[in-house]
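Peer 1: One predicted model, sequence on top.
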Amino acid sequence: MVALTIDGREIQAEEGKTILEVAGENNIYIPALCSHEAVTPYGACRLCLVEITRGKKKRLVASCLYTVEDGLIVKTDSERVTNVRRMVVEFLLARCPDLEVLQKLAAELGVDKVRFKLEEDNHKCILCALCTRACEEVVEASAISLVNRGVDRQMATPFYALSEACIACGSCAYICPTKAISIEDIGDTRIITMPHNTMEFKLKKCQNCGRYWAPQKQLDFIIKKADLPADAFDLCPDCRD
Ligand code: SF4
Ligand code: FES
């Protein structure tokens with residue numbers, strides 16, 4: 001265990017945990033848009049910046065990346081932290097002005113106008129890479145990635161086309177903090193709409209009740225991975241019981 005101070009509170013924390021995790025466990029709020037316990041930290045959004053003091057040195061660090069240390073003093077809401085967070089929200093709003101999650105953060109931080117030039121495209125994607133990390137680390141499909149650099153950076157499938165590796169599981173849509181990816185099942189088809197393309201996948205029909213209940217590609221993926229019999233998913237969960 002290590003002993004640290006967050007916002008004046010003395011806290012015992014497990015070694016190896018990040019400041020963001022420890023703050024969360026102790027009900028100390030730090031805004032964070034690109035962090036999720038299911039995937040490795042990435043440090044993309046910079047909203048989780050906090051001020052740390054070690055000896056005589058003070059600096060700002062991303063709390064989702066920085067692991068706790070004995071004697072560390074952390075401030076999550078100092079003036080310096082709040083000012084930087086406001087600027088980060090303004091940057092994000094310049095890219096994605098209509099995002100509810102950003103508008104809410106702006107209101108929390110007292111940001112009432114954006115000083116930066118609005119980007120031409122009104123994006124929904126904040127390039128947090130939660131979807132790509134979930135796809136790679138949790139699903140192990142690696143169907144999407146962040147491509148290009150600078151202002152051309154985008155989340156995309158290879159060549160902006162139907163990704164062969166995509167199993168249509170929807171993890172990307174589930175984890176996306178901005179709803180930039182959506183999923184709709186219509187009849188026998190699952191439609192996944194991404195910021196730069198739309199993909200369609202066939203759903204499997206239950207051989208008993210006739211309901212279309214899961215993407216065929218996802219079921220094939222599980223059968224192969226878990227070495228299950230080919231007819232393992234012929235029935236939907238309701239008809240299997
Ligand atoms: S689509 Fe969503 S999860 Fe993926 S990078 Fe963009 S905002 Fe993040
Ligand atoms: S949550 Fe730490 S940089 Fe996004």
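Peer 2: Yep, it's here. If you're wondering where the values come from, they're calculated on a predicted model, not measured in any experiment. Ligands and ions are numbered 1, 2, ... in the order given.
Peer 1: The chain against ligand 1: which residues are in contact?
Peer 2: 125-131, 155, 175-176, 178, 180-181, 195 (CB under 6 Å from any ligand atom). (Glycine included, C-beta is placed from N, CA and C.)
Peer 1: what about 5 Å?
Peer 2: Proximity of the chain to ligand 1 (CB under 5 Å from any ligand atom) is limited to residues Cys125, Ile126, Cys128, Leu130, Cys131, Met155, Cys176, Thr178, Ala180.
Peer 1: Can you tell me which of those residues is nearest ligand 2?
Peer 2: Cys128 (6.7 Å; CB to the nearest ligand atom).
Peer 1: how far away is the nearest residue to that closest one once chain neighbours are set aside from Asp220?
Peer 2: Nearest non-adjacent residue to Cys128, counting by CB to CB, 6 or more residues apart in numbering: Cys34, 3.7 Å away. The gap separating Cys34 from Asp220 is 31 Å, by CB to CB, to the nearest Å.
Peer 1: When these two are compared, which one has more neighbours?
Peer 2: More crowded of Cys34 and Asp220, by other CB atoms under 10 Å: Cys34, with 22 against 14.
Peer 1: Pretty sure that one sits against Thr40.
Peer 2: No: using CB atoms under 8 Å, Cys34 is not in contact with Thr40, being 11.0 Å away.
Peer 1: Packing partners of the longest helix anywhere in the chain?
Peer 2: Counting residues, the longest helix in the chain under DSSP state H turns out to be helix 79-95. If contacts are counted by 3 or more CB pairs under 8 Å, 6 or more residues apart in numbering; DSSP states H and E, helix 79-95 sits against strand 49-54, strand 57-62, helix 100-109.
Peer 1: Report the buried residues of the longest one.
Peer 2: By neighbour count with 16 or more other CB atoms under 10 Å, helix 100-109 contains the buried residues Leu102, Leu105, Ala106, Leu109.
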